[in-house]
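*Asks:* Please find the sequence and the predicted model below.
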Protein chains: 2
Amino acid sequence: MQEINVILVDDHAVVREGYRRLLERDLYIKVVAEGETGDEGYRLICDHLPDVVVMDITLPGMSGIEVTRRVLARVPEQKILIFSMHEDMVFVNRAFQAGAKGYVTKSAAPEVLIDAVRQVAMGKLYLSSEMAQLIAAQTIPGGEQSIDLLSGREFEIFRLLVQGQSLHEISEALHISYKTVANYQSNIRQKLGATTAAQVVRIALDHGIIWSADKV
Amino acid sequence: MQEINVILVDDHAVVREGYRRLLERDLYIKVVAEGETGDEGYRLICDHLPDVVVMDITLPGMSGIEVTRRVLARVPEQKILIFSMHEDMVFVNRAFQAGAKGYVTKSAAPEVLIDAVRQVAMGKLYLSSEMAQLIAAQTIPGGEQSIDLLSGREFEIFRLLVQGQSLHEISEALHISYKTVANYQSNIRQKLGATTAAQVVRIALDHGIIWSADKV
DNA sequence: TATCATTTCGGGAAGAATTCCTAACCGTAT
DNA sequence: ATACGGTTAGGAATTCTTCCCGAAATGATA
């Protein structure tokens, strides 16, 4: 078996240290560089062109997904494995949309990461089994493109809801009955697979309908 | 120097693996057990009574801060070091309120964690320098955020709520009555000046308690 | 030590919100 | 014309939320 050159990109030094030691338990895997930010990771990847990149999503500045997109725009064959704490389908979808070759969660067993790196290096796609199960089970809030299931009116009410408006305020703003708004909310939650209001807001966040104050 | 027995509590197996290898680079430090959830960590700590606990905040169910509170209620002299990705002052404050002996962020240099474990084992308090700077910077311009009005328990439930957990799930995770959680939610909303669940989530966003996929 | 404030915990009851069912109305596509 | 989906609501049962209360534990302070 050939040697597998790997670049790690993660903003947590201690965590990176752990990956490196874990991955190098496999004698064929060699970590050739480590990046701390999205920009640094991008430069390192373009310079080294490693066999596999293990990349976190949450990074200072450019996110791991954005780095993936940019790298693949210049080096389409580059193999990038997303290794994230996010167990949300939205992230998995975005990762593969960006062209990532694999997605592994940090809660997976250590051996899974090694396996994933080897699989991806061989040109295969890799999705950790928990994530694959999530895809199979379609009860995930925000899974698939659930937001597209919303009708125009539903989407409009959805937006007002996640902005923090009360049902009463919405009914006045739209000149419809409170009861109608309440019914819409029920339908929206069902279509999105959400059981709590917070989950609905989270879906809105994931789709960029609203955003947090400290977002760059 | 005496041997330092350590217990690790973190929900990410790969990350835990990394800590273990990193910490045991120091010959006096010995990792005697690893916990994956809040409940498991609590049991392990009570059973082993290690010299130092290295604990993440974000855990399934009970948070690391909640575990800290509970452990210290029974073993007041237990030394607990919070090791979290959160660089928000809110979390540092909560950690020390709960009785933690140290707070180190995961973005700190690897040696910092080892140093922190040693300091805490010797009975000292430890705060990584970035966090110490944040404290210094925050004392002047700060100005009483509404979120500071929340008690420890209220903040704990607040976090679970905005993560999308139902009242029933929270009551099970914290082993308290549904009614208590419902009452807490009312108090939280009042203290935060929020009338809808979505507004509560927005406040959490603004304080960095949760974040959106939109950074992707 | 005694005291007072705070926090944690929950029951009861009234009121509000949510769900589920139903149905009307209106375009549009078949 | 018929069928379909979207918009609009009411009714009833259920669930959630608030506001009231109090008990127990904790913590600070005099």
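*Replies:* Yep, that arrived.
*Asks:* Can you tell me the element the residue nearest to the spatial centre of chain A falls in?
*Replies:* Nearest to the mean C-alpha position of chain A, by CA atoms, centre = their mean, lies A:Phe91 at 1.9 Å. A:Phe91 is part of helix A:89-97 when elements are defined by DSSP states H and E.
*Asks:* avg pLDDT for that helix?
*Replies:* Per-residue pLDDT over helix A:89-97 has a mean of 72.
*Asks:* In terms of secondary structure, what does it contact?
*Replies:* Contacts defined by 3 or more CB pairs under 8 Å, 6 or more residues apart in numbering or on different chains; DSSP states H and E place helix A:89-97 against helix A:64-74, strand A:79-84, strand A:102-105, helix A:129-136. The way it works is simple: take the backbone N, C-alpha and C, and place the C-beta from them, glycine included.
*Asks:* Out of those, indicate the one that is most buried.
*Replies:* With neighbours defined as mean count of other CB atoms under 10 Å in any protein chain shown, the helices and strands packed on helix A:89-97 peak in mean count at strand A:79-84, which reaches a mean of 26.
*Asks:* quick one on the thing from earlier: can I assume the residue nearest to the centre of chain A is in contact with A:Ile57?
*Replies:* Yes. Contact criterion CB atoms under 8 Å: A:Phe91 and A:Ile57 qualify, at 6.2 Å.
*Asks:* now the helix holding A:Phe91, how far from the centre of its chain.
*Replies:* With CA atoms, centre = their mean, to the nearest Å as the basis, helix A:89-97 stands 5 Å off its chain's centre.
*Asks:* ok and it relative to strand A:79-84, angle-wise?
*Replies:* Calculated by axes from the mean of the first three to the mean of the last three CA atoms, to 10 degrees, helix A:89-97 forms an angle of 170 degrees with strand A:79-84.
*Asks:* in chain A, which spans are helices?
*Replies:* Using DSSP state H, the helices found in chain A span residues A:13-23, A:38-48, A:64-74, A:89-97, A:110-121, A:129-136, A:152-162, A:167-174, A:178-192, A:197-206.
*Asks:* a markdown table for those helices, including distance to DNA strand D?
*Replies:* A markdown table is the format used below for the helices of chain A (distance: least, CB to the nearest atom of the strand, whole Å):
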| stretch | distance to DNA strand D |
| --- | --- |
| helix A:13-23 | 31 |
| helix A:38-48 | 38 |
| helix A:64-74 | 30 |
| helix A:89-97 | 22 |
| helix A:110-121 | 36 |
| helix A:129-136 | 24 |
| helix A:152-162 | 3 |
| helix A:167-174 | 6 |
| helix A:178-192 | 3 |
| helix A:197-206 | 7 |
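*Asks:* in chain A, what secondary structure element scores lowest on mean pLDDT?
*Replies:* Ranked by mean pLDDT, DSSP states H and E, the weakest helix or strand in chain A is helix A:129-136, scoring a mean of 64.
*Asks:* and the gap between A:Glu154 and A:Arg189?
*Replies:* Noted for A:Glu154: a distance of 10 Å to A:Arg189, by CB to CB, to the nearest Å.
*Asks:* what touches both of those two?
*Replies:* Common neighbours of A:Glu154 and A:Arg189, counting by CB atoms under 8 Å, 6 or more residues apart in numbering or on different chains, are absent.
*Asks:* What is the burial count for A:Ser177?
*Replies:* The number of residues packed near A:Ser177 is 10, by other CB atoms under 10 Å in any protein chain shown.
*Asks:* near DNA strand C, which residues of chain A?
*Replies:* Residues of chain A lying near DNA strand C by CB under 7 Å from any atom of the strand: A:166-168, A:179, A:182-183, A:185-186, A:189-190, A:195, A:197.
*Asks:* Go again with 10 Å.
*Replies:* Contact residues (CB under 10 Å from any atom of the strand) of chain A with DNA strand C: A:161, A:166-170, A:178-190, A:194-197, A:200.
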